[in-house]
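Peer 1: Sequence plus predicted model, see below.
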Amino acid sequence: MFWVIEMFSKELASLLSKCISCGACNDSCPLVRFIDGNETLGPRARISVFRAIDMGIMRISVDAIEYLYECGLCSLCDRSCPLDIEVSKLMLGIRAELIKLGYVPPYEIAKMRNSLLDIMQPWSREHRKGKWLPPNYSPDKEANILFFSGCWANRAPEMASSAFFIAETILGEKVYSLGENEPCCGQFLRIAGYEETYKDYLVKLREHIRDREIARVLVICELCKATMRDLGLEVSTLLEELCEKKLIKRLRKRRHKHKSRKVAFLPTCSLKREHASLLEEFMKEKFAEMPSWFCMSCGFSLSEISSLKTLERMVDGIFTALKDEKVDLLVVADPFSYWLLSESRKRNKRKVKTEIVDLYSFLVERIKA
Ligand code: SF4
Ligand code: SF4
């Protein structure tokens, strides 16, 4: 016997009860695929756990909350559900409702929220921004296109500086950076389920970046793009700009001296197919056909904060897949994915033979050649 306590809203509860536990979604989940086919990490199990909690069969616990935040909200599973259940939105909705009910996300995420409200950065003041800029950098006074590098590219300075170089040189745009004054875009708050705090943060952010008229914003991270849109600013990713204006085609193609190497490309999920083809054509390399579930959504960036061990297991699985495919070089477009994969490789250099490069440094190498 159990009591139906209906913890979640009718909308969430009905989505939870709609699931028929067929498991069709499990095969698409990168956590399942890259971590030994572990079903407990997949969407079906997650739905079962939160349905049981909603019905009062299971109690909400610290473990259940940590489990909820392991999901990378990548939405790959959404595409394979015969009932069109959007598991990623469901998981995000549960986070938001639990916060409204007074439950606290994992400690590291709650700490990050406080840091964002305090210093507008997700980590401590030691993670200074803009280290990738020349020491004497001063923004061009006439520039009105804001180059917003984002938190992850600041942890991978080679990516930020290459992207900035491309924006100025290839696009020929007058861009400027906020340097060490660049705040976090705040998307962490939204994907953590802090809906109200995110809205308040947007107001703060608007004040902070309005030091001059901004005609447009150029970003390299999809999370930053979502924020700029929420602020009502015109925004595009550098990659979109390069592809839309067909600048990729005008870049000098150069085959790498290791002609026989096999390259794989890890795009961002919003990259259009035709743009991905354009890039692949430009790279003129022997491409590995990577499976469609080969994804590291930027939503996993929150897992880096709260579920690092699970994420590391997933990265190990990715490295094994790259080894099985005999991939020599992996070109990564998303800053978080690049930072995580390259840092993991540095720690496991002997084991991981595949080289990792960010897309912009890869392009710069060809431009300068
Ligand atoms: S949203 Fe992504 S990480 Fe989360 S359950 Fe679905 S496939 Fe797995
Ligand atoms: S595919 Fe849809 S119905 Fe089947 S287990 Fe996954 S979420 Fe439930």
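Peer 2: Arrived safely, thanks for sending. Numbering: from 1, shown residues only. Ligands and ions are numbered 1, 2, ... in the order given.

Peer 1: any idea how far ligand 1 is from the residue most central in space within the chain?
Peer 2: Geometric centre of the chain, nearest residue: Cys298, 1.2 Å, by Cα atoms, centre = their mean. Per Cβ to the nearest ligand atom, to the nearest Å, Cys298 is found 12 Å from ligand 1. Quick note: C-beta positions are derived from backbone N, CA and C, even for glycine.

Peer 1: Equivalent analysis for Glu280, please.
Peer 2: Between Glu280 and ligand 1 the computed distance is 25 Å (Cβ to the nearest ligand atom).

Peer 1: For the helix or strand that residue falls within, enumerate the helices and strands it packs against.
Peer 2: Assessed by DSSP states H and E, Glu280 sits inside helix 273-283. For helix 273-283, the elements it packs on are helix 238-244, helix 247-250, strand 262-266, helix 359-368, judged by 3 or more Cβ pairs under 8 Å, 6 or more residues apart in numbering; DSSP states H and E.

Peer 1: so which of the ones you listed comes closest to ligand 1?
Peer 2: Checking these against ligand 1 by Cβ to the nearest ligand atom gives strand 262-266 as the closest, at 15.5 Å.

Peer 1: Given the helix or strand of the chain with the lowest mean pLDDT, what are its sheet partners and their directions?
Peer 2: In the chain, no helix or strand scores lower on mean pLDDT, DSSP states H and E than strand 286-287, which sits at a mean of 72. According to DSSP bridges, strand 286-287 forms sheet pairs with strand 262-266 (parallel).

Peer 1: and the direction of the strand it pairs with versus that of helix 359-368, what angle?
Peer 2: Angle of strand 262-266 versus helix 359-368, following axes from the mean of the first three to the mean of the last three Cα atoms, to 10 degrees, is 130 degrees.

Peer 1: Which positions within strand 262-266 qualify as buried?
Peer 2: Lys262, Val263, Ala264, Phe265, Leu266 (16 or more other Cβ atoms under 10 Å).

Peer 1: Count the neighbours of the closest residue to ligand 1 within the stretch 151-300 of the chain for me.
Peer 2: Nearest residue of the stretch 151-300 of the chain to ligand 1, counting by Cβ to the nearest ligand atom: Ser297, 6.7 Å away. Ser297 has 22 neighbours, counted by other Cβ atoms under 10 Å.

Peer 1: Pull the contacting residues for the residue nearest to it when sequence neighbours are not counted.
Peer 2: The shortest distance from Ser297 to any non-neighbouring residue, by Cβ to Cβ, 6 or more residues apart in numbering, is to Cys74 (3.4 Å). For Cys74, the contact set (Cβ atoms under 8 Å, 6 or more residues apart in numbering) comprises Pro30, Ser88, Cys269, Cys295, Met296, Ser297, Gly299, Phe300.

Peer 1: mind redoing it with 10 Å?
Peer 2: Counting by Cβ atoms under 10 Å, 6 or more residues apart in numbering, Cys74 makes contact with 28-31, 87-88, 269, 293, 295-300.

Peer 1: what's the lowest-pLDDT member of those residues?
Peer 2: When the contacts of Cys74 are sorted by pLDDT, the bottom entry is Trp293 at 62.

Peer 1: Check the model's average confidence along stretch 233-241 for me.
Peer 2: Averaged over stretch 233-241, pLDDT sits at 93.

Peer 1: same question but for stretch 182-194, I mixed them up
Peer 2: Stretch 182-194 shows a mean pLDDT of 96.

Peer 1: got it, and stretch 331-344?
Peer 2: Mean per-residue pLDDT for stretch 331-344: 93.

Peer 1: Output that stretch as PDB, restricted to C-alpha atoms.
Peer 2: Below are the C-alpha coordinates for stretch 331-344, written out as PDB (Å, rounded to 0.1, in the frame of the first residue of the first chain):
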ATOM      1  CA  VAL A 331      38.300  18.400 -33.900                       C
ATOM      2  CA  VAL A 332      35.900  19.800 -31.300                       C
ATOM      3  CA  ALA A 333      33.600  22.800 -31.800                       C
ATOM      4  CA  ASP A 334      32.000  23.200 -28.400                       C
ATOM      5  CA  PRO A 335      34.200  24.900 -25.800                       C
ATOM      6  CA  PHE A 336      33.100  22.800 -22.800                       C
ATOM      7  CA  SER A 337      33.600  19.500 -24.700                       C
ATOM      8  CA  TYR A 338      37.000  20.600 -25.900                       C
ATOM      9  CA  TRP A 339      38.100  21.700 -22.500                       C
ATOM     10  CA  LEU A 340      36.900  18.500 -20.800                       C
ATOM     11  CA  LEU A 341      38.300  16.100 -23.500                       C
ATOM     12  CA  SER A 342      41.700  17.900 -23.800                       C
ATOM     13  CA  GLU A 343      42.100  18.100 -20.000                       C
ATOM     14  CA  SER A 344      41.300  14.400 -19.700                       C
END
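
Peer 1: Perfect, I'm done here.
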